[in-house]
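**Q** following is a predicted model, sequence given first.
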Amino acid sequence: MLEFGIDGLLLLLAAGFFAGFVDAIAGGGGLITVPALMIAGVPPVQALATNKIQGMFGSGTAAYSYSKSGLVDLKTQFGPAALAFVASLLGALAVSILPTDWIRLILPVLLIGIAMFFAFRKDPGDMDRTARMKPVLFTLTAVPFVAFYDGILGPGAGSFYMIAFVALGGYGILKATAHTKLLNFASNVGGLAGFLLVANPLWAIGLSMGLMQILGARLGAKMAMAKGARLIRPLLVVTSVALAAKLLWDVL
């Protein structure tokens with residue numbers, strides 16, 4: 001049984017708060033929490049499972065905050081969220097049977113692409129644009145693809161949801177952020193459901209970090225709604241580059 005000292009617990013609680021804040025604005029909270037859990041001595045698969053517990057709190061709080069402000073209609077998004085739940089559940093189950101090395105190799109390239117997209121695309125601000133994909137096709141392709149990744153690995157899923165909504169759905173950044181959090185919540189729940197069958201998450205640690213996620217997510221969502229693309233865009237670029245660097249470091 002794992003035992004955590006005071007320093008380890010404080011590290012995990014701080015990681016939960018900061019991850020909730022960052023994730024509510026730009027996604028990528030798993031970049032903070034998964035390495036923190038592993039630094040504290042949690043085995044990789046168990047760290048992924050525990051991360052789903054605390055991640056539910058942050059994404060759920062952010063989704064509620066955005067919906068309360070009228071940025072996302074939870075009722076109309078029930079179908080995509082349900083599909084994200086199922087796809088993430090299948091991804092979590094696949095952890096025990098599929099190799100994930102290839103994901104770790106290609107993921108940094110995709111994340112650098114995300115950073116370049118938002119850094120150099122002309123004015124990817126808060127205004128909606130013409131969608132490149134019909135809503136039904138978007139729901140049946142982009143949503144399950146990202147959700148499956150969220151189940152099998154996780155960190156950076158929020159950034160992938162974000163770029164899909166902006167690049168394919170035609171959403172402005174703030175609206176994309178709001179919808180991302182709902183799907184992220186659904187895929188966190190689905191991923192946890194799958195991990196319960198193949199791993200043993202640390203409930204006490206996950207719930208404690210989850211409480212800190214709530215505080216961080218509430219602050220992050222308020223700042224995102226106040227600042228819009230001016231805050232979300234640079235933080236998304238920085239988060240994507242940082243996640244890519246972390247994954248490249250792990251590979252090398």
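**A** That came through fine.
**Q** tell me the buried residues in stretch 33-45?
**A** By 16 or more other C-beta atoms under 10 Å, the buried positions in stretch 33-45 come out as 33, 34, 35, 36, 37, 38, 40, 42, 45. Placement of C-beta: from N, CA and C, glycine included.
**Q** tabulate the CA atom coordinates of the helix or strand that the first one is a member of in CSV.
**A** By that I understand residue 33. Assessed by DSSP states H and E, residue 33 sits inside helix 30-39. C-alpha atoms of helix 30-39 as CSV (Å, rounded to 0.1, in the frame of the first residue of the first chain):
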residue,chain,number,x,y,z
GLY,A,30,-3.3,16.1,-16.9
LEU,A,31,0.2,17.5,-17.8
ILE,A,32,0.4,18.6,-14.2
THR,A,33,-1.5,15.9,-12.3
VAL,A,34,-0.2,12.7,-14.0
PRO,A,35,3.5,13.6,-13.6
ALA,A,36,2.8,14.7,-10.0
LEU,A,37,1.2,11.4,-9.1
MET,A,38,4.1,9.5,-10.7
ILE,A,39,6.6,11.7,-8.8
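**Q** gap between it and the chain center?
**A** When C-alpha coordinates are averaged (C-alpha atoms, centre = their mean, to the nearest Å), helix 30-39 and its chain have centres 13 Å apart.
**Q** what do you get for stretch 80-97?
**A** 14 Å.
**Q** please identify the buried residues of it?
**A** 80-81, 83-93, 95.
**Q** format those residues as JSON lines; extra columns: pLDDT, secondary structure and distance to residue 9.
**A** Below are the buried residues of stretch 80-97 laid out as JSON lines (pLDDT from 0 to 100; DSSP: H, G, I helix; E, B strand; the rest coil; distance: C-beta to C-beta, whole Å):
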{"residue": "80", "pLDDT": "95", "secondary structure": "helix", "distance to residue 9": "36"}
{"residue": "81", "pLDDT": "95", "secondary structure": "helix", "distance to residue 9": "33"}
{"residue": "83", "pLDDT": "97", "secondary structure": "helix", "distance to residue 9": "36"}
{"residue": "84", "pLDDT": "97", "secondary structure": "helix", "distance to residue 9": "31"}
{"residue": "85", "pLDDT": "97", "secondary structure": "helix", "distance to residue 9": "31"}
{"residue": "86", "pLDDT": "97", "secondary structure": "helix", "distance to residue 9": "34"}
{"residue": "87", "pLDDT": "97", "secondary structure": "helix", "distance to residue 9": "33"}
{"residue": "88", "pLDDT": "96", "secondary structure": "helix", "distance to residue 9": "28"}
{"residue": "89", "pLDDT": "96", "secondary structure": "helix", "distance to residue 9": "30"}
{"residue": "90", "pLDDT": "95", "secondary structure": "helix", "distance to residue 9": "33"}
{"residue": "91", "pLDDT": "93", "secondary structure": "helix", "distance to residue 9": "29"}
{"residue": "92", "pLDDT": "92", "secondary structure": "helix", "distance to residue 9": "26"}
{"residue": "93", "pLDDT": "92", "secondary structure": "helix", "distance to residue 9": "30"}
{"residue": "95", "pLDDT": "82", "secondary structure": "coil", "distance to residue 9": "26"}
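**Q** from these, which is closest to residue 214?
**A** Among those, residue 81 lies closest to residue 214 (C-beta to C-beta), at 19.5 Å.
**Q** where's the residue lying closest to the closest one once chain neighbours are set aside relative to residue 33, distance?
**A** Using C-beta to C-beta, 6 or more residues apart in numbering and skipping the chain neighbours, the partner closest in space to residue 81 is residue 186 (3.9 Å). Residue 186 sits 18 Å away from residue 33, going by C-beta to C-beta, to the nearest Å.
**Q** repeat for residue 54
**A** Going from residue 54 to residue 33 by C-beta to C-beta gives 6 Å.
**Q** any common contacting residues for these two?
**A** 16, 19, 209 (C-beta atoms under 8 Å, 6 or more residues apart in numbering).
**Q** buried among those? Need that as a selection in ChimeraX.
**A** The ChimeraX selection below is limited to those of the shared contacts of residue 54 and residue 33 classed as buried (16+ other C-beta under 10 Å):
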select :16,19,209
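**Q** no more questions from me, cheers.
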